[in-house]
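# kindly return the folded structure for what I paste below:
(one chain, ligands or ions: 2)
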Amino acid sequence: MSEEQGTSTANGHGQTTELKGYSLPTDVLTGLQEKDRGRIPLVLCACGSFSPVTYLHLRMFEMAKDWARLHTNYTVVGGYLSPVGDAYKKKGLAPAEDRVKMCELACSTQEQKVRFLMVDNWEASQSAYQPTAQVLDHFNHEINTVLGGIDDGTGTSTKTPAKIALLGGADLLETFTQPGVWSTADLDHILTDYGAFIIERAGTDMADALQRLKPEWRERVHAIHQQIRNDVSSTKIRDFLSQDMSIRYLVPELVISYINDHGLYLKDGANGAVDGTAAKNGVVEIAD
Ligand SMILES: Nc1ncnc2c1ncn2[C@@H]1O[C@H](COP(=O)(O)OP(=O)(O)OP(=O)(O)O)[C@@H](O)[C@H]1O
Ligand SMILES: O=C(O)c1ccc[n+]([C@@H]2O[C@H](COP(=O)([O-])O)[C@@H](O)[C@H]2O)c1
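Ligands and ions are numbered 1, 2, ... in the order given. Coordinates of the predicted model:
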């Protein structure tokens, strides 16, 4: 994790802390290729707990990438997992440092030639909770202002602005209309200025969730059906771990090793770590 600098700035939502030495990872952010001429570069940003990251989290990017290529004028040039910070305090949340590390290990399993996924630790490193609108503003700033955009593929080093969009599952979409969860101003900003790519999820009626949105927001949502359904969830993974059941082929092998080495998700029965504290260093507390 990056070291905090001590200065903090308020930017209309909450506090963000400037992180000393922070820079957005861009190692596998690609430029537009010759074949993409005329298309708009798209950067997908998935915000979530990732406690732990699963193969479905990685697969969401593949589904959205295919969908964008087949049904839109966008081309995905990069994807970011942005694990939420410890201040989120959701049940089952392992420490942010561990969740970032597990996401990095998961991304390291990508095949060299087709790599486009990265992990950004900016959100996870903040001591204050960062609303998703603010996280998307962060990505927009880093990619379109700091980097100046994406190489447009003309061979002239000219850059073109990238579209930044939120990537998530249908359960996230469902929360958009649940009272008291999101601020209307934030949703308006997220959907009007960025847009969302939403993956169908078992247990959520995506059509109904879409119908509940204001029409002007609905048209900013790309709703993607899972053609091969995968119902894995981090909750189920934590559940399996707490019962000493196998999670092999649901979670990348390197992530499984990390969980075992750090004794994560063994505490408090089915829901694993509570309030951001995981059972660490093999010290296991069994719930009654
Ligand atoms: N099986 C799935 N199908 C579709 N979307 C998914 C699936 N698993 C996770 N997602 C989406 O991935 C994003 C980040 O996931 P998150 O970390 O919240 O995982 P989760 O499995 O929902 O976690 P938990 O079980 O701890 O609530 C969310 O937008 C979520 O909707
Ligand atoms: O910004 C908001 O107001 C907001 C409201 C609800 C959820 N979110 C984000 O949505 C993500 C939900 O993750 P999870 O694991 O709780 O499904 C997480 O990144 C939260 O920060 C964000």
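
# show me what from the protein comes close to ligand 1.
Applying CB under 6 Å from any ligand atom, we find that the chain lies next to ligand 1 at 46, 48-51, 56-57, 60, 92, 168-169, 171-172, 199, 201, 230-235. Bear in mind the C-beta positions are built from the backbone N, C-alpha and C, glycine included.

# burial count for whatever residue of the stretch 1-150 of the chain ends up closest to ligand 1?
Ranking the residues of the stretch 1-150 of the chain by distance to ligand 1 (CB to the nearest ligand atom) places Gly48 first, at 2.4 Å. Residues lying near Gly48 (other CB atoms under 10 Å) number 22.

# is it in a bridge, and if so with what?
When bridges are called by DSSP bridges, Gly48 pairs up with Pro83.

# touching, it and Leu167? I think so.
No. Counting by CB atoms under 8 Å, Gly48 does not reach Leu167; the two are 9.3 Å apart.

# drop anything exposed from the residues of the chain next to ligand 1.
46, 48-51, 56-57, 60, 92, 168-169, 171-172, 199, 201, 230, 232-234 (16 or more other CB atoms under 10 Å).

# so where's the chain shaky on pLDDT?
1-14, 267-288 (pLDDT under 70).

# how about the strands of it, start to end?
3-10, 15-20, 40-48, 74-83, 117-119, 150-151, 159-160, 163-169, 196-199, 221-224 (DSSP state E).

# which one of those lies closest to Gln33?
strand 74-83 (8.0 Å; CB to CB).

# tell me which residues in the closest one are buried?
Tyr74, Thr75, Val76, Val77, Gly78, Gly79, Tyr80, Leu81, Ser82, Pro83.

# partners of whatever residue of the stretch 51-200 of the chain ends up closest to ligand 1 in the sheet?
Here the residue of the stretch 51-200 of the chain nearest ligand 1 is Gly169; by CB to the nearest ligand atom that distance is 2.3 Å. Bridge pairing for Gly169 (DSSP bridges) gives the partners Ile199.

# so it sits against Ile198, correct?
Yes. Assessed by CB under 8 Å, Gly169 is found in contact with Ile198 at 7.0 Å.

# against Thr204, how distant is the residue of the stretch 101-250 of the chain at minimum distance from ligand 2?
Of all residues in the stretch 101-250 of the chain, the one sitting closest to ligand 2 is Pro131 (3.3 Å; CB to the nearest ligand atom). Noted for Pro131: a distance of 22 Å to Thr204, by CB to CB, to the nearest Å.

# same list (the strands of the chain) but as CSV, adding distance to Leu266.
Shown next, in CSV, are the strands of the chain (distance: least, CB to CB, whole Å):
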stretch, distance to Leu266
strand 3-10, 30
strand 15-20, 31
strand 40-48, 22
strand 74-83, 20
strand 117-119, 24
strand 150-151, 43
strand 159-160, 47
strand 163-169, 26
strand 196-199, 30
strand 221-224, 35
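
# so which of these comes closest to Val28?
Of all these, strand 117-119 comes closest under CB to CB, at 6.1 Å.

# which residues touch that closest one?
With contact meaning CB atoms under 8 Å, 6 or more residues apart in numbering, strand 117-119 is reached by 25-29, 58, 61, 78-83, 100, 103-104, 107, 110.

# strand partners (parallel or antiparallel) of that strand?
As assigned by DSSP bridges, strand 117-119 forms pairs with strand 74-83 (parallel).

# the strand it pairs with vs strand 163-169, what angle?
60 degrees (axes from the mean of the first three to the mean of the last three CA atoms, to 10 degrees).

# do strand 74-83 and ligand 2 come into contact?
No. Counting by CB under 6 Å from any ligand atom, ligand 2 has no neighbours in strand 74-83; the shortest distance is 7.2 Å.

# okay, the angle between that strand and strand 40-48?
Going by the same axes, to 10 degrees, strand 74-83 makes 20 degrees with strand 40-48.
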